[in-house]
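>>> Below are the sequence and a predicted model; questions follow.
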Amino acid sequence: MADEANFCLNCGENLTKWRTSSGFVKETGPRSGEGPPGRDSARGEERQARSPSERGGPSDSSQGTMVRQTAPVRQLNTLLAEARAAAEAGNLEAAAQSFRNALALDADGEEAWYGLGVVYGRLGRQLDALSAFNRLSETNPRLAAAFDGKGTALAHLGRLSEAVAAFDEAIHIDPTLASPRLEKGIALLRSEDLKGALSCFDAVLELEPGNPNALLQRGDALVRLNDNSGALHSIDKALEAAPLNGPAWRKKGDLLLKMGHPADARRCFDRALQIDADDFESLVRRGDATRAAGDPAGALDSYERATALRPARAEPHVRKGLLFFSLSQFPAARDCFARARVLEPDHQVAAVNHAVALYRCREFAAAKAAAESALMRWPGQVDLARVLAASERKISVGQEPSAGRLVQPPGAGHTVEDIFLIYRDGRLIAHQTRRLRADMDNQLLSGMLTAIQSFIQEAFRDGEEGQLNEMAFGKNQILIERGRLISLAVVIRGLPPVGARAELSFAVESIEQKYRAPLEDWDGESKSLRGVADTVRRVLEVL
């Protein structure tokens, strides 16, 4: 959860609703459902604010007046009104002080404890928020809102099992409440209890059909359960309920990109940007979709726009570096990763790829220094260790850089011998080799291909899309990058080269995008995939 995240309650609106439902005064504030939506920035979702009565708070019929006659009622109400006004204006420190002053007059004031918990949560003071909600639950053990707030604070603190227990208590007190079920589902999702989370979101939708937050969270759970079509349906339902929900459009774009539809994904990111032109994440992801659609110039434009929007963020520079890497433009990639490292020194992807890019540019001393420095931060990182060892070998033999000449990725004298492009059912689409005589080891090659085909068929059954798998075959190591429809298998003698992951992933993305129609139901005819061998050959040449 983000440190600066707003608490999950919209403080001003909820406190006004609490005030009118609990008997402090009878003048009316906004009715339920009015006022601006709350925002939980830790999840990046727009959320409808929930009143305490909606979260199980007291009502006139059950509570009556909550003001103790020993407290100066007029002064107490003035302090609470000041607290509410400050919270509505976003002056959270002043609101917290007014609530504390109210508690000095009435130590058991439920509205003050509730409001203080909300304000502390929005200030990121989750331990203080937890203390306030604990005190509220002690004052009124039958107040569901107290346990709902307590659970939310615990979830922000990462104490997920305790959070789930608090949400369960809120549900037990008032089974008709949707809020604690939604929050419990989110906590279970973070705990990797995906089926339990899905059950919670379904329960929310039984209580509140069309609840956009429940639909979006349900979509997240289904994605992680590898039910992409179900997830897409759930996100579409959320967009029907809230068509101006920018994060929902972004989620749909992410899912479509994962499913291999980059053009459709880009349209979703464009829609999110129409709703919020300053949506940094959608700009970055638009660049990813544009790159996957085969438009590197368009991708670069999106990354540049993201950089202009958030100049202190490293991610656009990292994405640009990976794009240049895939285009074999290593000096440009090096500069992007260097800039990312300046902005965010602890960005591991930037650090690893910066060292690799320096090596590929034949700057061996700089590559060695970069790898050594990064290994102090991430000891044992395999790619960094390879760069370090390879750079030391180049330096020890006195190999000098030659202008304009790039080197193969670092490895222990590795040789990429064969590349196989294989369809999802195991059929061979294309094969490229560096062997001087491609037919010299036919029996060995046949056995290797059979092993790869069997491995890929099993992986497709298990639904492990996007995984880079490795297997050994004699003295060779085989890297397998699997997409939705195809796999690339690279046979390497020696240690796998650094940068192989990016090259294989980009090649699979490019092939699936370019040949998506014939690959959906490939008839085995090579003419429908004309030119695919050139892409495979390029990978062989780069590695």
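Cool, got the structure. Numbering: from 1, shown residues only.
>>> Give me the residue ranges of the stretch 1-150 of the chain where confidence is low.
Along the stretch 1-150 of the chain, the model assigns pLDDT under 70 to residues 1-71.
>>> didn't residue 218 look like it was pressed against residue 234?
Yes: Residue 218 is within contact range of residue 234, at 4.7 Å (criterion: C-beta atoms under 8 Å). Backbone N, C-alpha and C define where each C-beta goes, glycine included.
>>> Quickly list what's touching both of the two.
Taking C-beta atoms under 8 Å, 6 or more residues apart in numbering as the contact rule, residue 218 and residue 234 have no neighbour in common.
>>> Could you pull up the residues touching residue 289?
With C-beta under 8 Å, 6+ apart, residue 289 has these contacts: 253, 257, 262-263, 265-266, 269.
>>> no, scratch that, I was asking about residue 476
Residues near residue 476 by C-beta under 8 Å, 6+ apart: 417, 448, 491-493.
>>> Now, the contacts of residue 289 that are in strands?
Among those, none falls in strands (DSSP state E).
>>> taking those one by one, which sit in helices?
253, 257, 262-263, 265-266, 269 (DSSP state H).
>>> and the residues you listed as JSON lines, adding neighbour count?
Conversion of these to JSON lines gives the following (neighbours: other C-beta atoms under 10 Å):
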{"residue": "253", "neighbour count": "28"}
{"residue": "257", "neighbour count": "23"}
{"residue": "262", "neighbour count": "23"}
{"residue": "263", "neighbour count": "16"}
{"residue": "265", "neighbour count": "26"}
{"residue": "266", "neighbour count": "26"}
{"residue": "269", "neighbour count": "29"}
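>>> of the residues you listed, closest to residue 337?
Using C-beta to C-beta, residue 257 is the member of these that sits closest to residue 337, with 23.1 Å.
>>> For the nearest residue to the closest one once chain neighbours are set aside, give me the pLDDT.
Among residues not flanking residue 257 along the chain, residue 265 sits closest, at 3.9 Å (C-beta to C-beta, 6 or more residues apart in numbering). As predicted, residue 265 sits at a pLDDT of 93.
>>> Quick check: residue 265 vs residue 292, distance?
As judged by C-beta to C-beta, to the nearest Å, residue 265 and residue 292 stand 8 Å apart.
>>> between these two, what contacts are shared?
By C-beta under 8 Å, 6+ apart, the residues touching both residue 265 and residue 292 are residue 257.
>>> Count the neighbours of the residue nearest to residue 130 when sequence neighbours are not counted for me.
Nearest residue to residue 130, sequence neighbours excluded (C-beta to C-beta, 6+ apart): residue 153, at 4.2 Å. The local packing of residue 153 (other C-beta atoms under 10 Å) involves 29 other residues.
>>> Mind checking what helix or strand follows the helix or strand harbouring residue 153 in sequence?
Using DSSP states H and E, residue 153 maps to helix 144-156. Counting by DSSP H and E, the next helix or strand C-terminal to helix 144-156 is helix 160-173.
>>> Can you list the helices and strands that that next one packs against?
helix 144-156, helix 179-190 (3 or more C-beta pairs under 8 Å, 6 or more residues apart in numbering; DSSP states H and E).
>>> And the ones you listed: which comes nearest residue 396?
Among the helices and strands packed on helix 160-173, helix 179-190 sits nearest to residue 396 (C-beta to C-beta), with 48.4 Å.
>>> just the angle between that closest one and helix 160-173, please?
160 degrees (axes from the mean of the first three to the mean of the last three C-alpha atoms, to 10 degrees).
>>> coming back round to it: the helix holding residue 153 packs against which elements?
Against helix 144-156 (3+ C-beta pairs under 8 Å, 6+ apart) you get helix 110-122, helix 126-139, helix 160-173, helix 179-190.
>>> Nearest to residue 514 among those helices would be which one?
Once the helices and strands packed on helix 144-156 are compared by C-beta to C-beta, helix 179-190 is nearest, at 35.5 Å.
>>> For the closest one, list every residue counted as buried.
Across helix 179-190, burial judged by 16 or more other C-beta atoms under 10 Å covers 179-189.
>>> Over to stretch 383-395?
Residues of stretch 383-395 classed as buried: 383-391, 394 (neighbour count, 16+ other C-beta under 10 Å).
>>> Just the C-alphas of that stretch, formatted as CSV.
Output in CSV follows, covering the C-alpha atoms of stretch 383-395 (Å, rounded to 0.1, in the frame of the first residue of the first chain):
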residue,chain,number,x,y,z
ASP,A,383,22.7,-11.5,-15.0
LEU,A,384,24.9,-9.0,-13.1
ALA,A,385,27.3,-11.8,-12.2
ARG,A,386,27.6,-12.8,-15.8
VAL,A,387,28.3,-9.3,-16.9
LEU,A,388,31.0,-8.9,-14.2
ALA,A,389,32.7,-12.2,-15.2
ALA,A,390,32.6,-11.5,-18.9
SER,A,391,33.8,-7.9,-18.5
GLU,A,392,36.7,-9.1,-16.3
ARG,A,393,37.7,-11.7,-19.0
LYS,A,394,37.7,-9.0,-21.7
ILE,A,395,39.8,-6.7,-19.6
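>>> Check the average confidence over that stretch, would you?
86.
>>> And that stretch, how far out from the chain middle?
32 Å (C-alpha atoms, centre = their mean, to the nearest Å).
>>> And stretch 222-230, by the same measure?
Computed by C-alpha atoms, centre = their mean, the chain-centroid distance of stretch 222-230 equals 15 Å.
>>> so what's residue 171 up against?
Residue 171 neighbours (C-beta under 8 Å, 6+ apart): 144, 177, 180-181, 184.
>>> I should have written residue 423 there, sorry.
Shown in contact with residue 423 (C-beta under 8 Å, 6+ apart): 429, 485-486, 519, 522.
>>> Kindly recompute the last result at 7 Å.
429, 486, 522 (C-beta atoms under 7 Å, 6 or more residues apart in numbering).
>>> Same check on residue 164?
184, 187-188.
>>> Now the residue nearest to residue 348 when sequence neighbours are not counted: phi and psi?
Counting by C-beta to C-beta, 6+ apart, residue 348 lies nearest to residue 378, which is 5.9 Å off, once chain neighbours are set aside. Residue 378 adopts backbone torsions of phi -130, psi 70, taken as degrees, to the nearest 10.
>>> Surely residue 327 and residue 297 touch.
No: if you go by C-beta atoms under 7 Å, residue 327 and residue 297 don't touch, sitting 10.8 Å apart.
>>> who's more crowded, these two?
residue 327 (12 against 8).
>>> ok, back up a step: buried ones in the helix holding residue 153?
For helix 144-156, the neighbour count (16+ other C-beta under 10 Å) marks 144-156 as buried.
>>> so which of those would you say is closest to residue 535?
residue 155 (46.1 Å).
>>> so how far is residue 248 from the closest one?
Between residue 155 and residue 248 the distance is 22 Å, computed by C-beta to C-beta.
>>> returning to what we had before: can you tell me which of the contacts of residue 423 comes closest to residue 85?
Closest to residue 85, out of all of the contacts of residue 423 and judged by C-beta to C-beta, is residue 486, at 61.2 Å.
>>> ok, what's across the strand from the closest one?
Per DSSP bridges, the residues bridged to residue 486 are residue 423.
>>> switch to numbering from 45
With 45 as the first residue, the last one maps to residue 530.
>>> My read is that it contacts residue 557, right?
No: at 11.3 Å, residue 530 does not count as touching residue 557 under the criterion of C-beta under 7 Å.
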